[in-house]
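Q: generate coordinates for the sequence data below:
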Amino acid sequence: MVIVVLLVTWWYWSSNHRSRLPVPVATTDQIAWPDQTVVSAEFDFTAKPYKILLVPGHDLVSRGGFFKELTEEQVARELARVIAKELKADGRFEVITTRDYDTGEYTEEFQQYFSSAEVQILSFRRTVRQAMDQLLKTGAITATEPAVDHNYAPNQTAFILYGINKWANDNEVDLALHLHFNDYPRELKDHIGKYQGFAIYIPERQFTNATSSKIAGDSLAAALGRVSPPSNFPLEADVIIETQDLIAVGSHNSQTHPALLVEYGYIYESKYYLLARREKFLPILAEATYRGLVDYFSKSK
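A: A predicted model of the protein is given here:
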C-alpha cells in the first residue's frame with residue numbers, strides 16, 4: 001500500500017513539474033545543417049572581405065531588459081563575441097564591434113568618434129529628419145504605423161545610434177547587425193513571462209536599404225529557425241517585421257546599407273538566464289547567425 005501511494009505521488013509530481021525542468025540543449029555538431037560546400041565555393045570575395053558591424057544592444061548606461069541579475073546588454077555582448085569568432089574564423093569577413101566584449105564600454109574607436117564627430121552627427125541627424133519630412137510631404141514615402149511599440153530612445157541613446165548609422169554609412173559597411181534580447185512587461189519582474197522566441201526587425205519597404213535588408217532577414221530567419229522557435233508574441237507573428245521607427249535599422253531613411261535588429265529571444269528564457277545553458281546555447285545561435293549571413297552574401301554577390 002505504501003509503495004502504491006509513493007508511486008501515485010511520484011506520478012502526480014512528475015506530470016505537474018516535468019514541463020518546468022530544463023530542456024537539454026543540443027550542441028553545434030548535433031544540428032543538421034544543410035551542406036554548404038557549393039555555397040562556400042561560390043562565396044568568394046578574396047579581393048575585399050565583407051565588412052560586418054556588430055552592435056551589441058544597449059550599453060552600460062542604458063542596459064535594456066533584465067531578468068534577476070542578467071541584463072540585456074551583457075548577454076548581447078556575450079553573443080556578439082561568439083558571432084565575431086565564427087565570422088573571423090571564416091576568413092572572408094572583416095568584423096567591427098561598437099562595444100568591448102569584456103568591459104561593455106564602447107571601443108576606443110567609437111568613443112573617439114562620438115566625441116570628435118559630435119557636430120557632424122548632430123547635423124546628420126537633423127539632415128535625415130528634414131529629408132524624411134520632405135519625402136512625406138511630397139508623398140514619395142508614406143508614413144506607416146509601427147507593428148510593435150518600442151520604448152522611446154532618450155536623447156543620448158538616439159545620438160549614439162545615429163552616430164553608429166553615420167559611421168556605418170561613411171565606412172561603407174556591408175551589413176549592420178544589432179543584437180538584442182526581448183522582454184515583456186509583467187507585474188513581478190523576477191517571474192518568467194509567457195512569450196519566447198526570436199523576431200527580426202528590418203527597415204520598412206519604402207526605405208533605401210529595405211530590399212537588401214529583407215533578403216538578409218530572410219536568410220537569417222531561416223537559419224535561426226533551425227535552432228530556436230520564432231516569437232509567439234502575437235504582434236511578432238510575422239517574425240520579420242518592417243519598421244520606420246527604429247533608429248538601428250535606419251529610421252528617417254538614415255542608412256545606405258542592409259541593417260537588421262534581431263531580438264534573439266526573451267531574456268527570461270532559461271537557455272539565456274541559466275548560465276550553464278547560456279554557455280551551451282550562445283555558440284549555437286552564433287553558428288546559425290554565421291550561416292544565415294553566408295547564405296545572404298552568397299545570394300547578393
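Q: low-confidence ranges in this protein?
A: Applying pLDDT under 70 to the chain flags the ranges 1-47, 149-153, 301.
Q: need the contact list for the residue most central in space within it.
A: In the chain, the residue lying closest to the centroid (Cα atoms, centre = their mean) is Val262, at 2.5 Å. Neighbour list for Val262: Leu177, His178, Leu179, His180, Phe198, Ala199, Ile200, Tyr201, Leu220, Leu224, Thr289 [criterion: Cβ atoms under 8 Å, 6 or more residues apart in numbering]. Every C-beta, even on glycine, is put in place using the N, C-alpha and C of the backbone.
Q: which one of the residues you listed is nearest Ala158?
A: His178 (14.1 Å; Cβ to Cβ).
Q: what's the closest of the contacts of Val262 to Leu70?
A: Nearest to Leu70 among the contacts of Val262: His180, at 13.8 Å, using Cβ to Cβ.
Q: quick one: strands adjacent to the one helix or strand the closest one maps to?
A: Using DSSP states H and E, the element containing His180 is strand 175-182. Note on strand 175-182: by DSSP bridges, its sheet partners are strand 50-56 (parallel), strand 259-266 (parallel).
Q: Gly193 contacts Glu187, correct?
A: No - Gly193 is not in contact with Glu187 according to Cβ atoms under 8 Å; the separation is 10.4 Å.
Q: of those two, who's got more company?
A: A direct count of neighbours by other Cβ atoms under 10 Å for Gly193 and Glu187 places Gly193 higher, at 18 against 5.
Q: quick check: the more buried one vs Glu242, distance?
A: 25 Å (Cβ to Cβ, to the nearest Å).
Q: repeat that for Ile121.
A: Ile121 is 26 Å from Glu242, where distance means Cβ to Cβ.
Q: and the strands in this protein?
A: All strands of the chain, identified by DSSP state E, fall at 50-56, 66-67, 70-71, 93-97, 175-182, 199-203, 240-243, 259-266.
Q: make JSON lines out of those strands and add distance to Gly104.
A: Listed next are the strands of the chain as JSON lines, based on distance: least, Cβ to Cβ, whole Å:
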{"stretch": "strand 50-56", "distance to Gly104": "8"}
{"stretch": "strand 66-67", "distance to Gly104": "14"}
{"stretch": "strand 70-71", "distance to Gly104": "9"}
{"stretch": "strand 93-97", "distance to Gly104": "11"}
{"stretch": "strand 175-182", "distance to Gly104": "13"}
{"stretch": "strand 199-203", "distance to Gly104": "23"}
{"stretch": "strand 240-243", "distance to Gly104": "26"}
{"stretch": "strand 259-266", "distance to Gly104": "18"}
